[in-house]
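Q: need the 3D shape of this:
(chains A and B)
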Amino acid sequence: MWPLSRPKAEEVLRIGRHAVERWKAVDGSLAQVSAHALPQDAPPHPQRLAEAVSTLYASAPALPITLVLESAWVPVMLVDTGAALLRSAQVDALVRHRFGLHHSDSLDPVTAWDLRIEYRAGSRCALAYGMPPGLKQTLIDAGRAAGLEWAAMTPALAWGMERLRIAKRWPRTSAWFLWPEQDRTLVARVASNEVVGFNPGAASAGDETTLKRLVDAECARLGIESTTDPIAAARWYAALRAARAGDRFAWLDLSEQGSPLATPAKPTPPARVSA
Amino acid sequence: MNGRTVDFLRPPQPPRVGWALLALGFVALTIALWCEQRWAAERATAEHAEQQARTEQQARQAPPPPLEPTLAQRRWLQAQSELQRPWLPALRAIESATVNPVFLLSMTIEPSKGLIKLDAEAPSFDHALAYVQVLDIGGVLEPAVLVSHEQVPNLPAGAGAVKFSAVTHWVAP
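A: Next up is the predicted model:
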């Protein structure tokens, strides 16, 4: 990471399908401060997020806050761009079409979405994130109403990959990266600093065996044989025991043990709900 | 994968460090071009000086013009060339070939060309032809050429004669 591009925000607001969690960085590691549960029996609605923001931040912190939105709110998709060399406008149209196939809604058309696309010219894949304009405006308004300063509004997968420096871990080999979300697991195959395979809706998993099974299923889906590629699974809560030495599986902790702030024992649902 | 660029709060824009690197590259390119021009000028100057020095050195090392031969040397060289001409063998070959009934009327020699012109008289054309054919025996003279012949009457004897001219060259040693 370039020194100038290192994020300065120390407050993180994790927005998932089940809860909105407030995290704070202490000595480089994250610790959960509080959480606000979201209703499970109703479809996700941006107005619920505005209520959660106002609840979690009774008083505005001094530091700007990074909004980390999970894919239940900001969908992420790997689009096969083919062998042709595409222009940015062509990739944009292709991604909007693919998003429209899965997120078609007459009230919230994909054509109005704000897109961020990671695409290298000549690459066969484009990793795309889509932000509905209503959600973005709701979050901006909620922050303004609570007197908060948003440092960034970023998808959780992109944020986690940068924070854990996934691109630097396997510069010459391919690997598997599993990103945990509150309602699912994102399975990404990373090769040469690029996501070349992706499952945006794998089942939630918290143990090593289940995660390896997800990787095996993804291998079968992609038609590849990956028995030696390293597997790295991120987790928000610190591990109680270290990974076995020499194993291809490794945990990447976003928070560390012994954090000054309390760390919940169970990943989901949040340990403390202030609703 | 750059999470910094995936920010929906601000429009995507190239990082400032990119502009800085671009400016740095432009400055480096400008400096490189300036240095290249300067080095090219220095190289041209050095090559010109080297070429001039080489020309001067070649001029200094040029061989002196040959000395004019003295009068005695010129005479000696002339005499040498005269001595190298096969006067005696040529005359001896002509003398041995000219036998009765062929008579040599005149002989003209151009030494610079080695040309020998013979005017002779024979009783018949066959004698004249035989004479011309035997001139080159001995290898001193080249094969002779019968240039012309003329039938002339011989009044006192009442029989005719053939006057003819032949040309040959001596063989230079």
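
Q: off-centre distance for the lengthiest helix in chain B?
A: Criterion DSSP state H: the longest helix present in chain B is helix B:16-60. Mean C-alpha position of helix B:16-60 versus that of the full chain (C-alpha atoms, centre = their mean, to the nearest Å) differs by 47 Å.

Q: and what of stretch A:138-150?
A: Put simply, stretch A:138-150 sits 21 Å off its chain's centre (C-alpha atoms, centre = their mean).

Q: that older thread, state the mean pLDDT of the longest helix of chain B.
A: Model confidence over helix B:16-60, given as mean pLDDT, is 94.

Q: other SSEs contacting that helix?
A: Applying 3 or more C-beta pairs under 8 Å, 6 or more residues apart in numbering or on different chains; DSSP states H and E, we find helix B:16-60 packed against no helix or strand. For the C-beta atoms, the positions are set from N, CA and C on the backbone; glycine is no exception.

Q: name the next helix or strand downstream of it, please.
A: As assigned by DSSP states H and E, the chain's next helix or strand after helix B:16-60 is helix B:71-84.

Q: what does that following helix contact?
A: B:Pro69, B:Pro111, B:Ala172, B:Pro173 (C-beta atoms under 8 Å, 6 or more residues apart in numbering or on different chains).

Q: let's verify B:Val162: helix, strand, or coil?
A: Taking DSSP: H, G, I helix; E, B strand; the rest coil as the rule, one finds B:Val162 in the strand state.

Q: hmm, it is touching B:Leu146, no?
A: No - using C-beta atoms under 8 Å, B:Val162 is not in contact with B:Leu146, being 10.6 Å away.

Q: need the residues touching each of those two.
A: Here B:Val162 and B:Leu146 share the contacting residues B:Ala128, scored by C-beta under 8 Å, 6+ apart.

Q: which of the two has more neighbours?
A: Neighbours were counted for B:Val162 and for B:Leu146 using other C-beta atoms under 10 Å in any protein chain shown; B:Val162 has more, 19 against 16.

Q: for A:Thr55, see how far away the more buried one is.
A: 151 Å (C-beta to C-beta, to the nearest Å).

Q: now the residue nearest the centre of chain B: closest residue in space that isn't a chain neighbour?
A: Nearest to the centroid of the C-alpha atoms of chain B, with distances taken as C-alpha atoms, centre = their mean, sits B:Lys113, at 19.4 Å. Leaving out its chain neighbours, the residue that sits closest to B:Lys113 by C-beta to C-beta, 6 or more residues apart in numbering or on different chains is B:His169, at 7.5 Å.

Q: so how far is the helix or strand containing that neighbour from its chain's centroid?
A: Using DSSP H and E, B:His169 sits in strand B:159-169. Remark: strand B:159-169 is offset 39 Å from the chain centroid, using C-alpha atoms, centre = their mean.

Q: name the residues of that strand that are buried.
A: Residues B:Ala161, B:Val162, B:Lys163, B:Phe164, B:Ser165, B:Ala166, B:Val167, B:Thr168, B:His169 are the ones in strand B:159-169 that count as buried (16 or more other C-beta atoms under 10 Å in any protein chain shown).

Q: elements contacting it?
A: Counting by 3+ C-beta pairs under 8 Å, 6+ apart, the packing neighbours recorded for strand B:159-169 are strand B:115-122, helix B:125-134, strand B:145-154.

Q: the residue in the stretch 151-275 of chain A positioned nearest to chain B: how many residues sit nearby?
A: Closest contact between the stretch 151-275 of chain A and chain B, by C-beta to the nearest C-beta, is at A:Glu162 (3.0 Å). By the criterion of other C-beta under 10 Å, A:Glu162 has 21 neighbours.

Q: that one is in what secondary structure piece?
A: Element membership for A:Glu162, per DSSP H and E: helix A:156-163.

Q: pLDDT below threshold where in the stretch 101-250 of chain A?
A: Within the stretch 101-250 of chain A, the stretches with pLDDT under 70 are A:239-246.

Q: and it, which residues reach chain B?
A: Neighbours of chain B within the stretch 101-250 of chain A, by C-beta under 8 Å from any C-beta of the partner chain: A:114, A:116, A:118, A:127, A:129, A:131, A:136, A:150-155, A:158-163, A:166-167, A:190, A:193-195.

Q: next step: these restricted to helices.
A: A:Lys136, A:Ala158, A:Trp159, A:Gly160, A:Met161, A:Glu162, A:Arg163, A:Ile166, A:Ala167.

Q: how near is the residue in chain B sticking out farthest from the centre to A:Pro61?
A: Relative to the centre of chain B, and counting by C-alpha atoms, centre = their mean, the farthest-placed residue is B:Leu9 at 90.3 Å. Between B:Leu9 and A:Pro61 the computed distance is 17 Å (C-beta to C-beta).

Q: now do B:Asn100
A: Relative to A:Pro61, B:Asn100 is positioned 150 Å away (C-beta to C-beta).

Q: and the two? Which one has more around it.
A: A:Pro61 (15 against 6).

Q: and the more buried one, helix, strand or coil?
A: Per three-state DSSP, A:Pro61 ends up coil.

Q: nearest residue to it other than its sequence neighbours?
A: Per C-beta to C-beta, 6+ apart, closest to A:Pro61 is A:Glu11, 5.6 Å.

Q: so what's B:Phe103 up against?
A: Residues near B:Phe103 by C-beta under 8 Å, 6+ apart: B:Ala120, B:Glu121, B:Ala122.

Q: what of B:Gln52?
A: Counted by C-beta under 8 Å, 6+ apart, B:Gln52 has zero contacts.

Q: domain assignment for chain B?
A: Chain B breaks down into these domains under automatic domain parsing: B:15-62, B:83-169.

Q: below-threshold pLDDT in chain B: ranges please.
A: B:1-5, B:154-159.

Q: recalculate using a threshold of 80.
A: Within chain B, the stretches with pLDDT under 80 are B:1-5, B:13-15, B:62-66, B:153-160, B:172-173.

Q: what about the helices in chain A?
A: Going by DSSP H, chain A shows helices at A:46-56, A:88-102, A:133-146, A:156-163, A:166-169, A:208-222.
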